[in-house]
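Undergrad: Sequence plus the predicted model coming up.
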Amino acid sequence: MGLIQAQRGTRDILPGEIAYWQQVEATARAILHQAAFEEIRTPIFEQTDLFERGIGEATDVVGKEMYTFQDKGDRSLTLRPEGTAGVVRAFIEHGLHAQGGVQRLWYMGPMFRYERPGTGRQRQFHQLGVELLGSGNVRADAEVIAIAVDLLQAVGLNDLQLELNSLGTRDDRIQYRSLLVDYLTPYKADLDPDSQDRLTRNPLRILDSKDAKTQAILQEAPLLGHSLSVASQERFAKVQQLLTNLGIGYTLNPKLVRGLDYYSHTAFEFQSKQFGTVGGGGRYDGLIAELGGPETLAIGWAIGLERLIGLLQQLAPSQPTAIDFYIVSRGEAAEAQALKLAQTLRHAGFVTELDLSSSAFGKQFKRADRSGAAACFILGDAEAANQTVQLKWLATGEQQAIAQADLPALADTLHEQIARSRNDRSTTTV
């Protein structure tokens, strides 16, 4: 029987990498809590119609990339390819709009798209996103961008490029679409195959083509910004001024259109040299009404965690879990007491590893050294009989006997000694 492996486009997140994920998750929770955003968790699969209507049937996501299946009730279901549509569905279904005011929601979890796997791109990937529902104020646009900048900088990514554009209103885009199609039609045969298909279905997506020949053709194409109404231009100028007031730098990208049909007005992306787009978002004022809810203005963003964490791994090497105490024991009574000791230390806030091998003391001591623990507790027959334990500091070799009953009262002292021991070991290493 062949070896069963993870499916193409999926990957295991192993212990050596998980610290990066925990750092990002903890930082996100803290920053979003400070900004008064509340977490929402929606199902991993939804009715297919939600994404067809919400994202747009002419998009690549719906047309090529969704994992869609019929369930046993002959219902068409889809693994979520993005987070916004599900959040909006929940917003409508549970009447969150009836609570009045602005809803500030955030989510985090796996998404699914049938794409060609590559660096920072998986078929099962993870997104962190926010949705600010119920405000069309330009300050909302600047606020959600500022929160994303805070998060990225807090985890150590200070060199990402913020790209900004305005997609205007639906009427603005209809006018621009006509101009763009008129310009590109004579070049149809020279466009890449995807762009030829998009010319009739979703021509604005051609602006995002990665094909060099198509991009060369687009050099002289009309710009969306020239089709914006005066009101749309003024609105976009206010967003830019607010970002400038906050000290947030940005680059205008007139070809930035994003990949989903529901966007309008402000659109933005965070770009890295290594992975391309790390995250992005924009305003989607018509989506909630399109999905059957009341007219509600909204804006949000999502960050791809695989790409973000890939950048963090380049900045700093992974560090193993810092173990405070490693417990070595041998003999039936000693091993029973060692298990109780491990729990006592854990309850006192110490990271504790219990050697379960019952092997010779010499082998257990070697594992204690390799573990990187600050100190080792040793229990043998004599310690078990006397209800004591030997405490050995691995950096200095210093050893002392302690009554097991006295350990809880010594917790604060032991925490201080661990800190000093780690400093000693770090100095010795250097």
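TA: Nice, I can see it.

Undergrad: give me the element Thr78 is part of.
TA: strand 76-79 (DSSP states H and E).

Undergrad: same check, this time on Leu164
TA: Taking DSSP H and E as the definition, Leu164 sits inside strand 161-166.

Undergrad: Run the chain-centre distance for that strand.
TA: 20 Å (Cα atoms, centre = their mean, to the nearest Å).

Undergrad: Stretch 154-168 now?
TA: The answer for stretch 154-168 is 15 Å, by Cα atoms, centre = their mean.

Undergrad: mind listing what's buried in it?
TA: Val155, Leu157, Leu160, Leu162, Glu163, Leu164, Asn165, Ser166, Leu167, Gly168 (16 or more other Cβ atoms under 10 Å). All C-beta spots, glycine's among them, are computed from the backbone N, C-alpha and C.

Undergrad: pLDDT of that stretch, averaged?
TA: When pLDDT is averaged along stretch 154-168, the result is 93.

Undergrad: first vs last residue of stretch 337-356, how far apart are they?
TA: 13 Å (Cα to Cα, to the nearest Å).

Undergrad: For that stretch, give me every contacting residue.
TA: For stretch 337-356, the surrounding residues in contact (Cβ atoms under 8 Å, 6 or more residues apart in numbering) are 321-329, 364, 367-368, 371, 373, 377, 379, 383-384, 387, 389, 404, 407-408, 411, 414-415, 418.

Undergrad: could you say what helices and strands the helix or strand containing Gln196 packs with?
TA: Element membership for Gln196 (DSSP H and E) is helix 193-201. In terms of contacts (3 or more Cβ pairs under 8 Å, 6 or more residues apart in numbering; DSSP states H and E), helix 193-201 is packed against helix 170-184.

Undergrad: For the stretch 51-200 of the chain, which segments count as strands?
TA: Under the criterion DSSP state E, counting those that start in this stretch, strands of the stretch 51-200 of the chain are mapped to 67-70, 76-79, 103-112, 124-133, 161-166.

Undergrad: Can you say which of those is nearest to Ala298?
TA: strand 124-133 (4.5 Å; Cβ to Cβ).

Undergrad: For that closest one, which strands pair with it and how are they oriented?
TA: The strands beside strand 124-133 in its sheet (DSSP bridges) come out as strand 103-112 (antiparallel), strand 298-304 (antiparallel).

Undergrad: okay, now the domains of the protein?
TA: According to automatic domain parsing, the chain comprises the domains 15-169+229-315, 325-425.

Undergrad: Identify whichever of the ones you listed lies nearest to Leu179.
TA: domain 15-169+229-315 (12.8 Å).

Undergrad: Need the contact partners of the helix holding Gln196.
TA: Against helix 193-201 from outside (Cβ under 8 Å, 6+ apart): 58, 60, 181, 184-185, 188-189, 191, 205-206, 209, 211, 214.

Undergrad: now that helix, how far from the chain's geometric center?
TA: That offset, for helix 193-201, works out to 31 Å (Cα atoms, centre = their mean).

Undergrad: buried stuff in it?
TA: Under the neighbour-count criterion of 16+ other Cβ under 10 Å, helix 193-201 has Asp194, Ser195, Gln196, Asp197, Arg198, Leu199 buried.

Undergrad: circling back: will you turn the domains of the chain into a markdown table that also has distance to Gln7?
TA: Listed next are these as a markdown table, based on distance: least, Cβ to Cβ, whole Å:
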| stretch | distance to Gln7 |
| --- | --- |
| domain 15-169+229-315 | 8 |
| domain 325-425 | 33 |
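
Undergrad: mind listing the strands for the stretch 251-400 of the chain?
TA: Along the stretch 251-400 of the chain, the stretches classed as strands by DSSP E, counting those that start in this stretch are 251-252, 264-272, 276-283, 298-304, 325-329, 352-354, 375-379, 388-393, 399-403.

Undergrad: Please put the alpha-carbon coordinates of the last one into PDB.
TA: Only the C-alpha atoms of strand 399-403 are listed here, as PDB (Å, rounded to 0.1, in the frame of the first residue of the first chain):
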ATOM      1  CA  GLN A 399      22.700  21.300  42.100                       C
ATOM      2  CA  GLN A 400      20.600  21.400  45.300                       C
ATOM      3  CA  ALA A 401      18.100  19.200  47.200                       C
ATOM      4  CA  ILE A 402      14.600  20.600  47.700                       C
ATOM      5  CA  ALA A 403      11.600  19.200  49.600                       C
END
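
Undergrad: From the rest of the structure, what touches that strand?
TA: With Cβ under 8 Å, 6+ apart, strand 399-403 has contacts from Glu383, Gln387, Thr388, Val389, Gln390, Leu391, Lys392, Trp393, Leu410.

Undergrad: out of the residues you listed, which is most surrounded?
TA: Val389 (24 neighbours; other Cβ atoms under 10 Å).

Undergrad: Before we move on, what's the pLDDT of that residue?
TA: Per-residue pLDDT puts Val389 at 97.

Undergrad: and the nearest residue to Arg11 once chain neighbours are set aside, how many neighbours?
TA: Spatial nearest neighbour of Arg11, excluding adjacent residues (Cβ to Cβ, 6 or more residues apart in numbering): Gln122 at 6.3 Å. Neighbour count for Gln122, taken as other Cβ under 10 Å: 21.

Undergrad: Next, Gln122: phi, psi?
TA: When read as degrees, to the nearest 10, the backbone of Gln122 gives phi -130, psi 160.

Undergrad: The strands of the stretch 51-200 of the chain: which one's closest to Ala30?
TA: The closest of the strands of the stretch 51-200 of the chain to Ala30 is strand 103-112. By Cβ to Cβ, the value is 12.0 Å.

Undergrad: Measure how far that closest one is from the centre of its chain, please.
TA: How far strand 103-112 lies from its chain's middle: 9 Å, per Cα atoms, centre = their mean.

Undergrad: which parts of that strand are buried?
TA: Gln103, Arg104, Leu105, Trp106, Tyr107, Met108, Gly109, Met111, Phe112.

Undergrad: so what's the fifth one up against?
TA: Spelled out, that is Tyr107. By Cβ under 8 Å, 6+ apart, the contact set of Tyr107 is Glu39, Ile40, Arg41, Thr42, Gly83, Val87, Gln127, Leu128, Gly129, Glu131.

Undergrad: Average pLDDT for stretch 78-94, rounded please.
TA: 96.

Undergrad: Report how many residues lie close to the residue nearest to Gly331 when sequence neighbours are not counted.
TA: Distances taken as Cβ to Cβ, 6+ apart put Asp381 closest to Gly331, at 4.7 Å, once the chain neighbours are dropped. By other Cβ under 10 Å, the residues close to Asp381 number 12.

Undergrad: cool, and Arg205?
TA: With other Cβ under 10 Å as criterion, Arg205 counts 22.

Undergrad: who's Gln400 bridged to?
TA: With DSSP bridges as the rule, Gln400 is bridged to Leu391.
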